[in-house]
Every structure is written in C-alpha cells, then in structure tokens.
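In: Turn this into a structure:
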Amino acid sequence: MTIRECSITAGFLECPERPLFHLLLRPTNQPALGSVLYLHPFAEEMHKSRRNVAAMARLLATSGFNVMLPDLSGCGDGPGEFRDADWETWRADAAVALAALRAIDSVPVTLWGLRLGALLACELSQSENDLQRLLLWQPVLNGEQQIDQFLRLRSAAAAVDSSAGFDRKTLWGELRAGRSLEIAGYELSSALALQMSRLRLHDLMPSCAVRWLEVSPTAQFTLPSVNVQAHWRDQGVEVAQTAVTGEPFWRNHDAPINTDLQRTSVELLT
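Out: Modelled structure (predicted):
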C-alpha cells in the first residue's frame, strides 16, 4: 500500500515462539535518511494514542525515514494475552524489532518511545552502542506511578458514589500477594506490575543523544522531568528538550493531531 510518498506494509517478525505483528512505513521518493523504531505506551494509552502516532509515522516516512511500529506481546495485535506479558518479554520483542529494522537499511537508527515506551527505549539503548538517538514523547518517569494510574481505572469503574476512593494499599497488596487484577478489560499480572514498579527513568541512563518532548496546556516541563534531564546531562548524555502546547492525546481517543509536536520532532531528527 502506498500513500503519497511512502509505502505501508504489515507483516510478522519471527520472534522466539511468537510471531510479532508490525507495520513498516518506508519513503518511496528518496533513499532512507534513517530508521525509527516506535515503542508504544501501556495498555489503553496505546490505543488512545494511535491517531497521533499514525500521523507522526506517516510524516516521518514522507520525510525520508523507515518507521517500524510493532505491537508487543499481549498488546494490540501482538501475540499472546496481556495477562501473560512481562517486562523481559517486551524488552526481547523490542530487540527483535530493532534487529529486523537494522537489516532493512544500513542507516542510523532512532528509538522513539511514547510514555512507558520511553522507559523501554532507554533500557534497550543501554545494551546498544550504535543508536543515533532516542526520541522520547511524554516519558513515564516512574513505573510504579504508571501502575497507580492504571489501578485508578478499577476504582473509578467500581465507584458507586463520589465518596468512593482509591484504595491503593489493598490493590497493591493483591499484586504483591501474587494475584492478578482485572482492570478496564485488561488482566494485570502480579509479575508485570512488580517488574514495572522497579523502573525509574532517572536510573535508565541512555547510551546516545536524547530528544525529549512533552505536551501540556502551558508548554512547560514538570520539575521531576527537569531533574531527570539534569541528572542525565551531569552523566554526559546530550539532552535537547522541547515542550509544546496541546492535550494529553494518550488519554483521549478524540484528541486532535498535535501538529506542533510532529513538526518539532521531525526538525529534531533531521
């Protein structure tokens, strides 16, 4: 399938014991300038962000980049069930996709991570010494906070009046006891929750340059984000950051396409 100046194909990557579904976009009017591997957000954020991600992928491809968008195990059209997914499986999936993308063209590679995908991109970069850069969109800074946010969906669904609250202690107690939780149509396993709870972006030092972009109504960074950026710079990581105005599209299916975010991202990559 060809749209404007890029082609779009769907296929499966041969991952050990599980074929990994992916989309591949490639420029059709010029040799590739580089390749970009996209790593998606957690659970429902993945689906709510699809419109903005698809638009960005097409823009990157028409700007001269190969773009691969895999669905990790248990997510979207990825193999298996969400309840069986864990962090190590996702990391292995990302490594397989990266190897497949590198095999397409001998061009510089960027890892593009959105939300939890930014954490995965940073961790993957630590074992890769030839990446050109990371493109991080609205990175999750703390895996435990991501799980807390997800657990609130269960509380909201169970609430029968405005006095119902978020019983964090009880829910985490269930997970730490090895029990899974049904949340918004997803079965969150104890293993995945506990693995994610140990993730801190502060500690996942990238091995390459970083382009960090965030979206907010005021186009400003939060203090925790600024602190992580400063820590990375102190350790010798090149970090360029930009904040743009917009809605948190990863929380809303109907959020408009953020053209400022896309334009700025392409400028940072080219």
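In: In the protein, where's the longest helix?
Out: Assignment by DSSP state H gives helix 87-104 as the longest helix of the chain.
In: Against which helices or strands is the next helix or strand after it packed?
Out: As assigned by DSSP states H and E, the chain's next helix or strand after helix 87-104 is strand 109-114. If contacts are counted by 3 or more Cβ pairs under 8 Å, 6 or more residues apart in numbering; DSSP states H and E, strand 109-114 sits against strand 34-39, helix 87-104, helix 116-125, strand 133-137. All C-beta spots, glycine's among them, are computed from the backbone N, C-alpha and C.
In: show me the contacts for Arg83.
Out: Going by Cβ atoms under 8 Å, 6 or more residues apart in numbering, Arg83 touches Gly74, Ser180, Tyr186, Glu187, Leu188, Ser189.
In: Tell me how many other residues surround Leu199.
Out: 23 (other Cβ atoms under 10 Å).
In: any idea how far it lies from Thr259?
Out: 31 Å (Cβ to Cβ, to the nearest Å).
In: export stretch 215-228 as CSV, just CAs?
Out: Extracted in CSV, the C-alpha atoms of stretch 215-228 (Å, rounded to 0.1, in the frame of the first residue of the first chain):
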residue,chain,number,x,y,z
VAL,A,215,2.9,18.2,25.7
SER,A,216,0.9,20.3,28.2
PRO,A,217,-1.6,23.2,28.2
THR,A,218,1.2,25.6,29.2
ALA,A,219,4.1,24.1,27.2
GLN,A,220,6.1,23.7,30.4
PHE,A,221,8.1,20.8,31.9
THR,A,222,7.3,19.5,35.3
LEU,A,223,10.1,19.6,38.0
PRO,A,224,10.6,15.8,38.0
SER,A,225,11.2,15.8,34.3
VAL,A,226,13.7,18.7,34.6
ASN,A,227,15.5,16.8,37.4
VAL,A,228,15.9,13.6,35.2
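In: List the buried residues in it.
Out: Under the neighbour-count criterion of 16 or more other Cβ atoms under 10 Å, stretch 215-228 has Val215, Phe221, Ser225, Val228 buried.
In: Could you single out the nearest of those to Asn142?
Out: Val228 (9.9 Å; Cβ to Cβ).
In: which SSE is that closest one in?
Out: helix 223-234.
In: Give me the mean pLDDT for that helix.
Out: Mean per-residue pLDDT for helix 223-234: 96.
In: Report the beta-bridge partners for Trp112.
Out: Tyr38, Leu135 (DSSP bridges).
In: Would you confirm that it contacts His40?
Out: No: Trp112 lies out of contact with His40 (Cβ atoms under 8 Å); the separation is 9.8 Å.
In: hey, where'd the helices end up in this structure?
Out: Here the chain has its helices, by DSSP H, at 44-48, 50-62, 87-104, 116-125, 143-158, 168-176, 190-197, 223-234, 259-269.
In: Could you dump the ones you listed into a markdown table with distance to Leu204 added?
Out: Converted to a markdown table, these look like this (distance: least, Cβ to Cβ, whole Å):
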| stretch | distance to Leu204 |
| --- | --- |
| helix 44-48 | 19 |
| helix 50-62 | 22 |
| helix 87-104 | 12 |
| helix 116-125 | 4 |
| helix 143-158 | 10 |
| helix 168-176 | 22 |
| helix 190-197 | 13 |
| helix 223-234 | 9 |
| helix 259-269 | 20 |
